[in-house]
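Engineer: next input, structure requested:
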Amino acid sequence: MTAGTIGPAHRPAWERRWDPRSRLGRLLRLSRATAAPGLGLWALVVGVVAVDAVWLAFLRVEVAPAGFAACAGLVAALLLASAFWGSVRSEPTLRGMALASAGLIALTLSAAILHLLAATLSFPLIDPALARIEAAVGFDWTAYLGFLADHPALSRCLALAYHSSGPQVALVVVALATARRLGRLWRFVRLFAGTLLVVIAVSALLPAVGPYAHYAPERVPAGYLETVGALWHLEPLERLRSGNLRSLALGDIRALVTFPSFHVCLAILTAWALAPLRLIGPAAIALNAAVIVGTVGAGGHYLPDLAAGALLAGLALIASRPRLRGRAPASGRLARGGGIEPPAPAFLPAGKPGLRRRQNREDGA
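Structural biologist: The predicted structure is shown next:
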């Protein structure tokens, strides 16, 4: 130790406590490495898991642990990987992928169980009301399904687009993490979590079986893909509403929501998340427009389901907008002479950390 310097043993207690080399400092660095997309998200996951556990015990449902334990192990592995890439070896891209994936898996699985349990409340079905709204706006659902049956190529393309929603979530994680748009990635995860729980709550209070069961159409589009999303929920939904849930395994989980459509909500959020990325953005917007159209036939949704899902996504995006006090607007910033500089490109070359930080502020980091 050179003259004039103060060694660790001679530093004040408060300074030693926050030293990054101290035990507490390493713990804080580790916690920061695994905190994103926000401690609120992880608190939400813990809360949903607690509600699931209490509800399952109340209903005396026997849980097959194998599948759920495997998912929990995957989440734990992703969190450990994010801790390594955040505190031991700095890899922001890999850390972003691991953290976002862990948050999405943990929230989706716990919310899916909650969704099944909420169906046991057995509130009155609102299918007649949704059908009346369709009739009032002049939309004939059975005629539209007949149109799809007459155009099998179009029907199959819309069905493929509809079933791309899940893979597109993985694309959002990889693309935004690779582009270092981590603020936008964290905001997407939080939007996904919030809107999913709202959809579960609304669908529990306003359940419906869907237009395939309500209208019982004579003509349906040919092929497995066109109807799997619309019919596979009917048997488990009836079992849940009749109080016959006795056991639960990972493979028993089904999407039961009709109103509002989470597919439409997710399509809008996905298009928003990928929109700034060159090449990927325009393709994502076009694909998710097809997802929304395909939700009627392939997803088995009423027209009001789509409108409610779109409204929820719009309100969520507005409510989650970052408040940039004293900063430039997201579309650009003032340049010398009063002009507006264009926004930063989506994929930034190496050596532009300042632009990345600005993008993340604008994205809601």
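
Engineer: what helix or strand is Val264 on?
Structural biologist: helix 262-274 (DSSP states H and E).

Engineer: just give me how far that helix sits from the chain centre.
Structural biologist: Here helix 262-274 is found 9 Å from its chain centre; the criterion is Cα atoms, centre = their mean, to the nearest Å.

Engineer: equivalent analysis for stretch 131-141, please.
Structural biologist: Averaged over its C-alpha atoms, stretch 131-141 has a centre that lies 30 Å from its chain's centre (Cα atoms, centre = their mean).

Engineer: so His301 is in contact with Tyr212, correct?
Structural biologist: No. Here His301 does not reach Tyr212: they are 9.8 Å apart, not a contact under Cβ atoms under 8 Å. No exception for glycine: its C-beta is placed from N, CA and C like everyone else's.

Engineer: neighbour count for the two, which is higher?
Structural biologist: More crowded of His301 and Tyr212, by other Cβ atoms under 10 Å: His301, with 31 against 21.

Engineer: for Gly294, see how far away that one is.
Structural biologist: 10 Å (Cβ to Cβ, to the nearest Å).

Engineer: can you pull out the helices in the stretch 1-150 of the chain?
Structural biologist: 13-17, 23-35, 39-59, 65-83, 92-119, 127-136, 141-150 (DSSP state H, counting those that start in this stretch).

Engineer: of all these, which one is nearest Gly166?
Structural biologist: Among the helices of the stretch 1-150 of the chain, the nearest to Gly166 by Cβ to Cβ is helix 92-119 (9.9 Å).

Engineer: okay, angle between that closest one and helix 262-274 too, please.
Structural biologist: For helix 92-119 against helix 262-274, the angle by axes from the mean of the first three to the mean of the last three Cα atoms, to 10 degrees is 160 degrees.

Engineer: may I see the buried residues of helix 92-119?
Structural biologist: 94-119 (16 or more other Cβ atoms under 10 Å).

Engineer: picking that back up, buried stuff in the helix or strand that comes right after the helix holding Val264?
Structural biologist: Beyond helix 262-274 on the C-terminal side, the first helix or strand identified by DSSP H and E is helix 280-297. Within helix 280-297, the residues that qualify as buried are 280-281, 284-285, 287-288, 290-297, counting by 16+ other Cβ under 10 Å.

Engineer: which strands and helices sit next to helix 280-297?
Structural biologist: helix 141-150, helix 152-162, helix 165-178, helix 262-274, helix 303-319 (3 or more Cβ pairs under 8 Å, 6 or more residues apart in numbering; DSSP states H and E).

Engineer: what's in contact with it?
Structural biologist: Helix 280-297 is contacted by residues 141, 144-145, 148, 155, 157-159, 161-162, 164-165, 168, 171, 175, 221, 226, 230, 261, 263-264, 267-268, 270-271, 274-275, 277, 301, 303, 305-306, 309-310, 346 when judged by Cβ atoms under 8 Å, 6 or more residues apart in numbering.

Engineer: now list the buried members of those residues.
Structural biologist: The neighbour-count test (16+ other Cβ under 10 Å) marks 141, 144-145, 148, 155, 158-159, 161-162, 164-165, 168, 171, 175, 221, 226, 230, 261, 263-264, 267-268, 270-271, 274, 277, 301, 303, 305-306, 309-310, 346 as buried among these.

Engineer: for Arg254, which three-state class applies?
Structural biologist: Per DSSP: H, G, I helix; E, B strand; the rest coil, the secondary structure class of Arg254 is coil.

Engineer: give me the low-pLDDT residue ranges for the stretch 101-250 of the chain?
Structural biologist: 223-234 (pLDDT under 70).

Engineer: so which residue is dead centre in this protein?
Structural biologist: Closest residue to the average C-alpha location of the chain: Phe192 at 2.8 Å, with Cα atoms, centre = their mean.

Engineer: run through the residues that contact that residue.
Structural biologist: By Cβ under 8 Å, 6+ apart, Phe192 lies in contact with 104, 107, 169, 266, 269.

Engineer: could I get these as JSON lines with distance to Ile126?
Structural biologist: JSON lines is the format used below for those (distance: Cβ to Cβ, whole Å):
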{"residue": "Leu104", "distance to Ile126": "29"}
{"residue": "Leu107", "distance to Ile126": "26"}
{"residue": "Val169", "distance to Ile126": "28"}
{"residue": "Leu266", "distance to Ile126": "22"}
{"residue": "Leu269", "distance to Ile126": "25"}
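
Engineer: ok, so of these, who is nearest Ala216?
Structural biologist: Leu266 (28.1 Å).

Engineer: verify the stated contact: the closest one with Val169.
Structural biologist: Yes. Between Leu266 and Val169 there is a contact under Cβ under 8 Å: 7.4 Å.
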